[in-house]
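Participant: quick one, what's the 3D model for this:
(one chain, ligands or ions: 2)
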Amino acid sequence: LGNNTRDCSYVPHRLIRPPFFLSLGQKDGGTQIKLVIDYPHGAQALFKPMRFPRDQQTLPNHFYFTDFERHTAEIAAFHLDRLLGFRRAMPVTGRTLNMTTELYQLADGELLKTFFVSPSSNLCFHGKCSYYCDTAHAICGSPDTLEGSFAAFLPPKEMATRKVWRHPWRRSYHKRKKAQWEMDQDYCSLVKDIPPYDSGRRLLDLMDMAVFDFLMGNMDRHHYETFRLFGNETFPVHLDHGRGFGQPFHDEMSILAPIIQCCMIRHETLSTLIRFHNGPKPLSELMRESMAKDPVTPVLWEPHHVALDRRVKIILESVRDCVSKTGAQEAVVHDDFS
Ligand SMILES: Nc1ncnc2c1ncn2[C@@H]1O[C@H](COP(=O)(O)OP(=O)(O)OP(=O)(O)O)[C@@H](O)[C@H]1O
Ligand SMILES: [Mn+2]
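Facilitator: Ligands and ions are numbered 1, 2, ... in the order given. Next comes the predicted model:
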């Protein structure tokens, strides 16, 4: 993890072969199919399969909550989180797998029943879930290789329980309704009075999350989770980015609402954004370099890189507007937590 590449030269070669799976199962909960992969020695990964080619955009008549998930968004979001200096996302890598030997032969029960061969002789499955789990939305190999994202698994509940929080700037998840924050420009003053946002680091962490989500265009931040162990003095884990990186030609300003309405950003995060803007290297280049070694590189369609640099500029402009209203003392917050 991190900037330092781990030195593996002392590891016998047979130990660093790609690991093989022991078993797999469907991850319950959530709207789209994802699998829990079990490796030997108790390790696990969360697998999200590829559905579409890299250049497919969010369908124009789809809402943020009906958008298909993209495995590449999960991979790219991990790299973006790390480059922003947050390190609040689980590590995610891409990998191409053999559907027959690595999925079909290991599947059982309800999952196995959903495998079939398509009219063009590709092996497919659709699993069971609450949205896109039917024959019309199946995941198909070509003919039997399939790309996916593999996220390192969070520690089990027994080791580290998590608390789920409703995001104060959650969208309505309804095709006709708006959320309160979309109608009330003074919404932040309400949030600021309510624990855990009234003290400590949490409100600033939400500002960081808005930066992160705006850069990738993720509108699907309905809840977030924290580890209970540290009470409120802890960070929100950045999970579930499958709906990011869907619209490279559109910048969704409403994702910046927390920053615009609270007129606030963490000093450290602002410095990072200024570094992306002034160089030596723009964010697009840092992302390309960071993802170059991923097994499914190039991870993102090129227009997404262009969008990242454009959006860095937009955040800086928003912060500048806000500083000119309230002054830098108020808007740019120094804290010791990041
Ligand atoms: N790396 C991980 N390790 C273990 N559990 C995870 C990991 N990432 C996510 N989860 C858990 O799995 C749940 C579902 O994952 P995720 O949110 O990515 O799927 P989803 O289908 O998009 O769900 P939803 O539709 O509720 O947004 C999350 O709420 C989280 O608690
Ligand atoms: Mn989701």
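Participant: contact partners for the spatially most central residue of the chain?
Facilitator: Centroid check for the chain by Cα atoms, centre = their mean gives residue 241 as the closest residue, at 2.3 Å. Residues near residue 241 by Cβ atoms under 8 Å, 6 or more residues apart in numbering: 73-74, 76-78, 89, 216, 218. Every C-beta, even on glycine, is put in place using the N, C-alpha and C of the backbone.
Participant: doesn't it fall inside a strand?
Facilitator: No - under DSSP: H, G, I helix; E, B strand; the rest coil, residue 241 sits outside any strand and is assigned coil.
Participant: which one is it nearest to, not counting chain neighbours?
Facilitator: residue 77 (3.4 Å; Cβ to Cβ, 6 or more residues apart in numbering).
Participant: now for that neighbour: which residues touch it?
Facilitator: Counted by Cβ under 8 Å, 6+ apart, residue 77 has contacts 89, 92, 212, 216, 218, 238, 241, 244-245.
Participant: what residues are up against whatever residue of the stretch 201-338 of the chain ends up closest to ligand 1?
Facilitator: Here the stretch 201-338 of the chain gets closest to ligand 1 at one residue, residue 240, 3.3 Å apart by Cβ to the nearest ligand atom. Shown in contact with residue 240 (Cβ under 8 Å, 6+ apart): residue 220.
Participant: what pLDDT does the model give it?
Facilitator: At residue 240, the model reports a pLDDT of 96.
Participant: I'd like the numbering to begin with 15 instead of 1 from here.
Facilitator: That works, and once the first residue is 15, the last one we named lands at residue 254.
Participant: ok, it to residue 333 distance?
Facilitator: Residue 254 sits 26 Å away from residue 333, going by Cβ to Cβ, to the nearest Å.
Participant: which parts of the stretch 65-214 of the chain sit against ligand 1?
Facilitator: Residues of the stretch 65-214 of the chain lying near ligand 1 by Cβ under 6 Å from any ligand atom: 104, 165, 167-168.
Participant: which of these fall in strands?
Facilitator: Those of those mapping onto strands are residue 165, per DSSP state E.
Participant: from the residues of the stretch 65-214 of the chain next to ligand 1, which is closest to residue 36?
Facilitator: Set against residue 36, the nearest of these by Cβ to Cβ is residue 167 (13.5 Å).
Participant: residue contacts, that closest one?
Facilitator: Contacts of residue 167 (Cβ under 8 Å, 6+ apart): 50, 57-60, 104.
Participant: write the ChimeraX selection for whichever of the residues you listed are buried.
Facilitator: Buried members of the contacts of residue 167, defined by 16 or more other Cβ atoms under 10 Å, are picked up in ChimeraX with:
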select :58,59,60,104
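Participant: export the contacts of residue 167 to CSV and tack on distance to residue 119 and pLDDT?
Facilitator: Conversion of the contacts of residue 167 to CSV gives the following (distance: Cβ to Cβ, whole Å; pLDDT from 0 to 100):
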residue, distance to residue 119, pLDDT
50, 17, 95
57, 20, 91
58, 19, 94
59, 18, 96
60, 20, 96
104, 27, 98
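Participant: quick check: buried residues in stretch 161-168?
Facilitator: 161-165, 167-168.
Participant: export it to CSV, keeping only CA atoms.
Facilitator: Taking Å, rounded to 0.1, in the frame of the first residue of the first chain, the C-alpha atoms of stretch 161-168 are listed here in CSV:
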residue,chain,number,x,y,z
GLU,A,161,-12.7,-8.7,-15.9
GLY,A,162,-13.6,-7.5,-12.5
SER,A,163,-12.5,-5.4,-9.5
PHE,A,164,-11.2,-7.1,-6.3
ALA,A,165,-11.4,-5.1,-3.1
ALA,A,166,-9.6,-6.1,0.0
PHE,A,167,-12.1,-7.2,2.6
LEU,A,168,-12.9,-5.1,5.6
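Participant: chain center to it, what's the gap?
Facilitator: Distance of stretch 161-168 from the chain centroid (Cα atoms, centre = their mean, to the nearest Å) equals 11 Å.
Participant: name the helix or strand for the residue nearest to residue 255, please.
Facilitator: Per DSSP states H and E, residue 91 falls inside helix 85-97.
Participant: list the buried residues in the next helix or strand after that helix.
Facilitator: Next helix or strand after helix 85-97 toward the C-terminus (DSSP H and E): strand 106-112. Going by neighbour count (16+ other Cβ under 10 Å), the buried part of strand 106-112 is 106-109, 111.
Participant: what do you get for stretch 251-264?
Facilitator: 252-262.
Participant: mind listing the helices for the stretch 215-352 of the chain?
Facilitator: 216-230, 271-276, 281-292, 297-305, 316-340, 342-345 (DSSP state H, counting those that start in this stretch).
Participant: touching, residue 189 and residue 78? I think so.
Facilitator: No - using Cβ atoms under 8 Å, residue 189 is not in contact with residue 78, being 10.8 Å away.
Participant: which one of those two has more residues nearby?
Facilitator: More crowded of residue 189 and residue 78, by other Cβ atoms under 10 Å: residue 78, with 19 against 8.
Participant: pull the contacting residues for the nearest residue to the more buried one once chain neighbours are set aside.
Facilitator: Computed as Cβ to Cβ, 6+ apart, the closest residue to residue 78 that is not its neighbour in sequence is residue 233, at 3.7 Å. The contact partners of residue 233, by Cβ under 8 Å, 6+ apart, come to 78, 185, 227, 257, 266, 268-269.
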